[in-house]
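In: Any chance you can model this:
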Amino acid sequence: MKSDFKFTTTRLLFRPFKRVDLHALYEAITSSAPELSPWLVWCKDNYHPDDAYDWINASRQNWLNDIGYELAIFDRHNLEFIGAISLNNVSQQLNSAELGYWIKTSCHQQGFATEACRAMAAFAFNALGLTRLEIVVHTGNLASQRTALACQAKFEGTARNRIYAQDKACDGLVFSLIPKDLASDSLFDEKSGEAVQVNSADRLQRKQ
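Out: Coordinates of the predicted model:
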């Protein structure tokens, strides 16, 4: 998919990461480490700008090759970097993906995560033609659980040993979204500011 792709919501702008985002990404992660590190294995005490640089490069390759879709989130009006959201573990066989997200600490409790999740789900369903998204959350991550419910995801149950990181397995709470859960949501074209309705015949073609 083209790397200059972008879309907006009422308050947010989404686009693939660029190398120019390195400083903002690094600062957001390090300033939010106490809140992020219990749930994100890569957010560690010795997180380095080189880690952010490598992640941006990998993210861009995933996007260009339609392997995964990681997007930077910005305030639409002042372009402040807010966080990141992604579709990963994309399955062509199941026509599904996992939805992941994080918001920097200074932007918490403003509804940004919910707005971002609904926008990314609209992108997944309308542009990619996916039919199911899963949000898998640690049992202790109450903030992400509230976000999942706020964006109308349905709780499906506790999956034993669903999360595996650093050679350790733990239970995960599984939430799901399907297209009818977001029937009223749409994407916005950044150039025109108009809502974009994507018909099935016009959906982006993912590589086989």
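In: What is the host helix or strand of His23 packed up against?
Out: For His23, the host element (DSSP states H and E) is helix 22-31. Judged by 3 or more CB pairs under 8 Å, 6 or more residues apart in numbering; DSSP states H and E, the packing partners of helix 22-31 are helix 49-64, strand 81-91. Every C-beta, even on glycine, is put in place using the N, C-alpha and C of the backbone.
In: could you point out which element follows it?
Out: helix 33-36.
In: what's in contact with that next one?
Out: With contact meaning CB atoms under 8 Å, 6 or more residues apart in numbering, helix 33-36 is reached by 29, 43, 45, 47, 102, 105, 108.
In: List just the nearest of these to Ala169.
Out: For the contacts of helix 33-36, the residue nearest Ala169 by CB to CB is Cys43; the value is 19.3 Å.
In: re the thing from before, highest mean neighbour count out of the helices and strands packed on helix 22-31?
Out: strand 81-91 (a mean of 19; mean count of other CB atoms under 10 Å).
In: Please tell me how far it is from the chain's geometric centre.
Out: 3 Å (CA atoms, centre = their mean, to the nearest Å).
In: For stretch 42-53, measure first residue to last.
Out: 13 Å (CA to CA, to the nearest Å).
In: Give me the phi and psi angles of Gly100.
Out: phi -130, psi 160 (degrees, to the nearest 10).
In: Hmm, Asn89 and it touching each other?
Out: No. Using CB atoms under 8 Å, Gly100 makes no contact with Asn89, being 9.3 Å away.
In: quick check, Ala119 in a helix?
Out: Yes. Applying DSSP: H, G, I helix; E, B strand; the rest coil, one finds Ala119 inside a helix.
In: Now the helix holding His23 - C-alpha only, PDB.
Out: C-alpha atoms of helix 22-31 as PDB (Å, rounded to 0.1, in the frame of the first residue of the first chain):
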ATOM      1  CA  LEU A  22      11.600   9.300  15.400                       C
ATOM      2  CA  HIS A  23      12.000  12.000  18.100                       C
ATOM      3  CA  ALA A  24       8.300  12.300  18.900                       C
ATOM      4  CA  LEU A  25       7.900   8.500  19.000                       C
ATOM      5  CA  TYR A  26      10.900   8.100  21.300                       C
ATOM      6  CA  GLU A  27       9.800  10.900  23.700                       C
ATOM      7  CA  ALA A  28       6.200   9.500  23.800                       C
ATOM      8  CA  ILE A  29       7.400   6.000  24.700                       C
ATOM      9  CA  THR A  30      10.000   7.000  27.300                       C
ATOM     10  CA  SER A  31       7.600   9.500  29.000                       C
END
